[in-house]
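Q: curious how this folds, go ahead:
(one chain, ligands or ions: 2)
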Amino acid sequence: MEKISIIVPCYNEEQVILMFYDEIKKILEQIKNKYLYELVFIDDGSKDNTLNILKELREKDENISIISFSRNFGKEAGIYAGLSNSTGDLVVLMDADLQHPPKIILEMIKGIEEGYDTVTTRRVNRKGEGVVKSAFSRLFYKIMNKIIDFELVQGAQDFRMMKRNVVDAILSLKEYNRFSKGIFSWVGFKVKYIEIENTERAAGKTKWSFKSLFKYAIEGIISFSTVPLRIFTVLGFLISFISMIATCVIIIQTLIYGKSVPGYASIITAVLFMGGIQLLSIGVIAEYISKMYMEIKNRPNYIIREKL
Ligand code: UDP
Ligand code: MG
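A: Residues are numbered from 1 along each chain as shown. Ligands and ions are numbered 1, 2, ... in the order given. Next comes the predicted model:
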């Protein structure tokens, strides 16, 4: 029999984890004569009772394994740890907050049986999400898809079922700065999208603030594109060209009309403009260097405190 691994990163999810377990269990019951299963919970350094609740569940259900981090390393690290430690022929990634409806797993299995390598969901609306957040999110996908040479599908979620070969491909990308959304698309394979409505979290709070989402977006762009660096090369050329023309104009003007004193405005604008561009370009370069710095250190993505 084939085995399904279900990977669930959890950070402070004491309010929903039992609800989640009940729901997923119902689904697993329905497929139990076709598939074996394991539930891999990643406790991402939760500060609440999540780990204890998981341990209690594990006493009753031998198909549960728990990886507990030494501190909060973020969901990306959780995903990576889950993928590295799963043994199933099929691997499912899903959130603990029931925003990823477990019943979709049945449809995902169908997709895999149809011959797809990955089945994932795409939300068709953003119900229950702020207007500003949605607008920025759309802008992010627009920019991203302009500058990368594979496609990031708007609204695609981390909720997915993958065959073992896809998981191995994902794990073969050893980078430290892991922008999973990008990595999942980058590896390719035959992907089926199931469209679903946005569901709100069953209980508890989202761990994403606007600030962390913004950081995540920058991370995504830096991880998968060097276009921002090139922008400044182009801009540099452009500005040099314009200033060459300006120089010629000034020389000719001086030859024809003689010396002129005015020019304060144009000088100060040029100086400020150049200063701004230079600072900005140094900032962009610094973003890349800081990422390289982190990569070179070659630190592990997470540290395990306890593995059950
Ligand atoms: N999560 C995690 N580590 C973190 C933040 C979140 O493992 O540092 C988990 C969280 O427990 C949940 C999933 O990642 O299972 C998605 O988090 P959340 O619901 O806060 O994000 P949203 O659904 O709002 O994008
Ligand atoms: Mg959520």
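
Q: need the residues of the stretch 51-200 of the chain near ligand 2, please.
A: By the rule CB under 5 Å from the ion, the part of the stretch 51-200 of the chain lying against ligand 2 is D95, D97, Q99. Yep, even glycine has a C-beta here, placed from its N, CA and C like the rest.

Q: got the phi and psi for the second one?
A: This points to D97. phi -90, psi 10 (degrees, to the nearest 10).

Q: what's the burial count for it?
A: For D97, the neighbour count with other CB atoms under 10 Å is 23.

Q: OK, contacts around the residue nearest to it when sequence neighbours are not counted?
A: When the adjacent residues along the chain are set aside, D97 lies closest to R201, with 4.2 Å between them (CB to CB, 6 or more residues apart in numbering). Contact partners of R201, counting by CB atoms under 8 Å, 6 or more residues apart in numbering, are V16, D97, L98, Q99.

Q: quick check: R201 vs D61, distance?
A: Noted for R201: a distance of 24 Å to D61, by CB to CB, to the nearest Å.

Q: out of the contacts of R201, who has the most neighbours?
A: Ranked by the number of neighbours (other CB under 10 Å), these place D97 first, at 23 neighbours.

Q: my guess is that residue meets A202, correct?
A: Yes. Counting by CB atoms under 8 Å, D97 does reach A202; the two are 5.8 Å apart.

Q: what do those two both touch?
A: Taking CB under 8 Å, 6+ apart as the criterion, D97 and A202 both touch V16, F20.

Q: okay, now the unreliable bits of this protein?
A: Within the chain, the segments meeting pLDDT under 70 span 128, 260.

Q: strands of that one, residue ranges please.
A: In the chain, the strands defined using DSSP state E lie at 2-10, 35-43, 64-69, 90-93, 118-123, 156-163, 191-196, 304-307.

Q: need the winner for burial among the ones you listed.
A: Of all those, strand 90-93 has the most neighbours on average by mean count of other CB atoms under 10 Å, namely a mean of 25.

Q: which residues of the stretch 51-200 of the chain lie near ligand 1?
A: Contact residues, the stretch 51-200 of the chain versus ligand 1 (CB under 6 Å from any ligand atom): N72, G74, K75, G78, D95, A96, D97, Q99.

Q: give me that answer again for 8 Å
A: N72, F73, G74, K75, A77, G78, M94, D95, A96, D97, Q99, D158 (CB under 8 Å from any ligand atom).

Q: residue boundaries of the helices in the stretch 1-150 of the chain?
A: 17-30, 50-60, 75-85, 104-113, 131-147 (DSSP state H, counting those that start in this stretch).

Q: what do you get for the stretch 201-308 of the chain?
A: For the stretch 201-308 of the chain, the helices defined by DSSP H, counting those that start in this stretch cover 210-224, 227-257, 264-297.

Q: if I pick G88, what's in contact with it?
A: The contact partners of G88, by CB under 8 Å, 6+ apart, come to E2, K3, I4, S5, Y37, E38, R164.

Q: please report how far it lies from V167.
A: 9 Å.

Q: can you check S86 too?
A: S86 is 7 Å from V167, where distance means CB to CB.

Q: and what of D89?
A: Distance from D89 to V167, by CB to CB: 10 Å.
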